[in-house]
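Novice: this one's structure only:
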């Protein structure tokens, strides 16, 4: 079904501006998206350390009009477990803070510096730091949402489903308000070739799959995937949704027709929110109003 919010002229114009901006500045597409995203409605507190090390820092985005005890999203970016940096994803915070949500975006160590499960442990430390600093930033620790894209959704999924990670810091996944996975890798064995054989060592490979840790204690979940994803197969989200339902966990699954891997997260950017309903669906999930989200995609 065609997206009723899709505006061909607006799409063509913005894409043209986007392409020209990238060409003229030499900047990465994410840098241009950040520049084009509005930023006057939030305050940024960057470079806070949640643990020792250059890649164990976190940026906090606080909406200027935030209500007391606002919801909190800890966002974990993707990059194949070997790339990415938190400053490239300010556009995610730019969109969510408009809805009164406090956003924290941490870095985590990457391959080849570390392998699984070290990057998941880093993310667990970041989440524990977020909970410990909830009062400092005026957020409600009972409204903590873990959100990630691609490899970041894999890491967030493990934190939400494998209780051992957060339990080590005195927290349990059942206290999470929700998990939001965008184009995530949750059930991707076997690994037959490439660098992922080293990222996920064989002795712990089964423990790297979020789907293996689904129980009835899992948090409420929103899974979003593009039907045309050529990077992470849509079956990852389909199978995880089925297993969550089988265990009685509330789960909302959105599959976007004609959308690939990158466009799912790009649609979070305020200038590009018309290419898919990622932003609407995420905000509706956090507000508890999934039934009000625009539905131009097919539902599972």
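Specialist: Done, it's in. Owing to the predicted nature of the structure, the values given are computational and were not obtained by experimental measurement.

Novice: Under the pLDDT cut-off, which ranges of this structure? List them.
Specialist: Residues of the chain that meet the criterion pLDDT under 70 lie in 1-32, 34-39, 172-174, 290-300.

Novice: List the buried residues of stretch 269-287.
Specialist: 269, 271-273, 275-286 (16 or more other C-beta atoms under 10 Å). For every residue, glycine as well, the C-beta is placed using N, CA and C.

Novice: Now do the helices in the stretch 1-150 of the chain.
Specialist: 8-25, 29-36, 90-96, 118-132 (DSSP state H, counting those that start in this stretch).

Novice: Which members of the buried residues of stretch 269-287 occur in helices, if any?
Specialist: Using DSSP state H, 278-286 are the members of these that sit in helices.

Novice: of all these, which two lie farthest apart?
Specialist: Largest separation among those by C-beta to C-beta: 278 and 286, giving 12.6 Å.

Novice: what do those two both touch?
Specialist: Common neighbours of residue 278 and residue 286, using C-beta atoms under 8 Å, 6 or more residues apart in numbering, do not exist here.

Novice: Just give me the neighbour total for residue 106.
Specialist: 26 (other C-beta atoms under 10 Å).

Novice: Then the one 3 residues further on?
Specialist: Look at residue 109: counted by other C-beta under 10 Å, it has 18 neighbours.

Novice: Just want the phi and psi numbers for it.
Specialist: phi -70, psi 150 (degrees, to the nearest 10).

Novice: Not counting sequence-adjacent ones, nearest residue to it?
Specialist: residue 55 (4.9 Å; C-beta to C-beta, 6 or more residues apart in numbering).

Novice: secondary structure element for residue 232?
Specialist: Assigned by DSSP states H and E, residue 232 belongs to neither a helix nor a strand.

Novice: what number of residues lie near it?
Specialist: Neighbours around residue 232, by other C-beta under 10 Å: 25.

Novice: ok, it to residue 262 distance?
Specialist: 11 Å (C-beta to C-beta, to the nearest Å).

Novice: What are the buried residues along stretch 210-228?
Specialist: By neighbour count, and taking 16+ other C-beta under 10 Å as the criterion, the buried residues in stretch 210-228 are 210-211, 213-214, 218-226.

Novice: farthest pair in the residues you listed?
Specialist: Largest separation among the buried residues of stretch 210-228 by C-beta to C-beta: 213 and 226, giving 24.7 Å.

Novice: what about the strands in the stretch 101-250 of the chain?
Specialist: 102-106, 139-149, 178-182, 221-226 (DSSP state E, counting those that start in this stretch).

Novice: Does the third one pack against any helices or strands, and if so which?
Specialist: When you say that, I think you mean strand 178-182. Applying 3 or more C-beta pairs under 8 Å, 6 or more residues apart in numbering; DSSP states H and E, one finds that strand 178-182 makes contact with strand 139-149, helix 151-161, strand 221-226, helix 278-287.

Novice: check contacts around residue 131.
Specialist: With C-beta under 8 Å, 6+ apart, residue 131 has these contacts: 141, 144, 169, 171.

Novice: Please render these as a markdown table that adds neighbour count and distance to residue 154 to the earlier fields.
Specialist: Below are those laid out as a markdown table (neighbours: other C-beta atoms under 10 Å; distance: C-beta to C-beta, whole Å):
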| residue | neighbour count | distance to residue 154 |
| --- | --- | --- |
| 141 | 16 | 24 |
| 144 | 22 | 19 |
| 169 | 14 | 20 |
| 171 | 20 | 19 |
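
Novice: Out of the residues you listed, which is nearest to residue 251?
Specialist: Distances from residue 251 to the contacts of residue 131, taken as C-beta to C-beta, are shortest for residue 144 (18.0 Å).

Novice: Which strand residues bridge that closest one?
Specialist: Taking DSSP bridges as the rule, residue 144 bridges to residue 72.

Novice: from memory it sits against residue 75, does it?
Specialist: No: under the criterion of C-beta atoms under 8 Å, residue 144 makes no contact with residue 75, lying 11.9 Å away.

Novice: Please tell me how far the residue positioned nearest the centre of the chain sits from residue 255.
Specialist: In the chain, the C-alpha nearest the mean C-alpha coordinate belongs to residue 148, at 1.8 Å (C-alpha atoms, centre = their mean). Counting by C-beta to C-beta, the gap from residue 148 to residue 255 is 18 Å.
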